[in-house]
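J.: no sequence for this one, just the structure:
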């Protein structure tokens, strides 16, 4: 995504850094991959349901293709986890509940809400994963960036949502509310994950032996996420 | 699929045969590709819904991967249609109704019915498309055979269904009935397509200028389809 924030507060560790083999560090990378794998499956399910709501057959094909792409992402993450001697099913376990709750609380009522969820919700999550990925080993980071590459869905959503607002400006108010709710739900689940998964949190904050973000840096990271989110809502013609 | 019938009554036409550029012949090939494209989208939708019914996460991943594969098939067919200067959306139009009706009449009640539908229903359809493909040009035939290649779903279904029957033999009666209903519904929709799409029917029967199957050959083709269907049901431990 061209408008993704560029994590810049701390230089990413090189693979040769001594802490890469540290068990907690390794667990953090596995957690990140587990999130991405389960997130891809959840997104597949969501997009496949969205495809059913598509107003035209070309729209359906586009969204079904996006769903299929999630399975390709899942396979890349599974392969990287296998290189780390970890079964993808194990790695995903801690994240079933937060993802299932997020999706249970954010069922789109219609096609447009589904599009906004795919763009705003997934965009926000992807930006955050990219921030975390700055702290994992280079091979894992490459896989994460590949999986998070947008591949043209953003343009599709922007075009459809702007056209819908053009046709009926009242749509904008409803979708703006929806976008805010999505980010609220995402933050609430992220908080739960942060509280449960020390290894993941410590990737960001570092440990005694390993550099990480201090509180000021974490606060700057959140500012970047919110700014990008606001820009993304603006691109859709919505107020953040 | 290793147990697919090998169409053998008439040698397939070589690409150099004079009738390949005949408009009706060309339309028959486009119809076959249109069926495959819409069939792939319908199968995507069905399999994505089946994935939600999966009893375990590995099962869900398997079925979601099969769904994703349908989109790859759709893309291959779209590319071949583009080579024939035909838009896939146009080519699919005549087949929306029969596929939608088939799927509306055969909604699986549970995970096992979904598996049997995927194996028995799609297997039967694939065998028939393979028979028709014997009469199209070599490049189209290659695409059709690729799209119809099974890629391991059969083994998955056979294992799961046999295990379910092993655990509760009463399941076999219910699934056998379901398998028969699926073939009945498939034949009823096939009949409708045959009545509507002369170009497709004439691929099989030939025309004054082009060889095809005579009535005896068509009857042998149906025998082959039914035999393979019976063998497939037997593999599942079900009576055809």
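T.: Right, received. Where do you want to start? This structure is a prediction, so every number in the text was calculated from the model and none was measured.
J.: What are the boundaries of the helices in chain A?
T.: Ranges of helices in chain A, per DSSP state H, are A:23-53, A:57-83, A:88-92, A:96-105, A:111-116, A:122-133, A:138-148, A:153-167, A:170-196, A:198-205, A:215-236.
J.: By mean pLDDT, which helix or strand of chain A comes out lowest?
T.: Every helix and strand of chain A was ranked by mean pLDDT, DSSP states H and E. The lowest is helix A:198-205, at a mean of 85.
J.: In that one, which residues are buried?
T.: Neighbour counts using 16 or more other C-beta atoms under 10 Å in any protein chain shown place A:199-205 of helix A:198-205 among the buried residues. For every residue, glycine as well, the C-beta is placed using N, CA and C.
J.: same thing with stretch A:162-182?
T.: A:164-165, A:171-172, A:174-176, A:178-180, A:182.
J.: ditto for stretch A:139-153
T.: Across stretch A:139-153, burial judged by 16+ other C-beta under 10 Å covers A:140-141, A:143-144, A:147-148, A:153.
J.: Mind putting those residues into a markdown table with distance to residue B:53 and pLDDT?
T.: Output for these, formatted as a markdown table (distance: C-beta to C-beta, whole Å; pLDDT from 0 to 100):
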| residue | distance to residue B:53 | pLDDT |
| --- | --- | --- |
| A:140 | 33 | 93 |
| A:141 | 36 | 93 |
| A:143 | 30 | 95 |
| A:144 | 31 | 95 |
| A:147 | 26 | 92 |
| A:148 | 29 | 90 |
| A:153 | 27 | 85 |
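J.: pLDDT at residue A:10, what is it?
T.: As predicted, residue A:10 sits at a pLDDT of 52.
J.: Get me the contact residues on chain A for chain B.
T.: Contacts of chain A with chain B, taken as C-beta under 8 Å from any C-beta of the partner chain, map to A:41, A:44-45, A:48-49, A:51-52, A:57-58, A:60-61, A:64-65, A:67-72, A:74-75, A:89, A:92.
J.: what about burial for these, which qualify?
T.: For the residues of chain A next to chain B, a neighbour count by 16+ other C-beta under 10 Å gives the buried set as A:41, A:44-45, A:48-49, A:51, A:60-61, A:64-65, A:67-72, A:74-75, A:89, A:92.
J.: that older thread, where among the helices of chain A is average confidence lowest?
T.: Among the helices of chain A, helix A:198-205 carries the lowest mean pLDDT (a mean of 85).
J.: counting contacts, what elements does that one pack onto?
T.: Under the contact criterion of 3 or more C-beta pairs under 8 Å, 6 or more residues apart in numbering or on different chains; DSSP states H and E, helix A:198-205 touches helix A:23-53, helix A:122-133, helix A:170-196, helix A:215-236.
J.: how about 7 Å then?
T.: Where contact means 3 or more C-beta pairs under 7 Å, 6 or more residues apart in numbering or on different chains; DSSP states H and E, helix A:198-205 is packed against helix A:23-53.
J.: the inter-axis angle of the helix it packs on versus helix A:153-167?
T.: Relative orientation of helix A:23-53 and helix A:153-167, computed by axes from the mean of the first three to the mean of the last three C-alpha atoms, to 10 degrees: 40 degrees.
J.: The residue nearest to residue A:93 when sequence neighbours are not counted: neighbour count?
T.: In this structure, residue A:93 finds its nearest non-sequential neighbour in residue A:34, 7.5 Å apart by C-beta to C-beta, 6 or more residues apart in numbering or on different chains. By other C-beta atoms under 10 Å in any protein chain shown, 25 other residues sit near residue A:34.
J.: got the contact list for residue A:34?
T.: By C-beta atoms under 7 Å, 6 or more residues apart in numbering or on different chains, the contact list for residue A:34 reads A:91-92, A:94-95.
J.: let's see 8 Å
T.: Neighbour list for residue A:34: A:81, A:88, A:90-95 [criterion: C-beta atoms under 8 Å, 6 or more residues apart in numbering or on different chains].
J.: what about it, distance to residue A:187?
T.: 20 Å (C-beta to C-beta, to the nearest Å).
J.: Please apply the same query to residue A:151.
T.: Residue A:151 is 26 Å from residue A:187, where distance means C-beta to C-beta.
J.: now do residue A:93
T.: Residue A:93 is 22 Å from residue A:187, by C-beta to C-beta.
J.: Need the nearest residue in space to residue A:238, chain neighbours excluded.
T.: Per C-beta to C-beta, 6+ apart, closest to residue A:238 is residue A:176, 4.3 Å.
J.: wait, doesn't residue A:46 sit right on residue A:103?
T.: Yes. Here residue A:46 reaches residue A:103: they are 6.3 Å apart, a contact under C-beta atoms under 8 Å.
J.: before we move on, back to that, want to throw the buried residues of stretch A:139-153 into CSV with distance to residue A:129?
T.: Output for those, formatted as CSV (distance: C-beta to C-beta, whole Å):
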residue, distance to residue A:129
A:140, 11
A:141, 11
A:143, 11
A:144, 6
A:147, 8
A:148, 6
A:153, 16
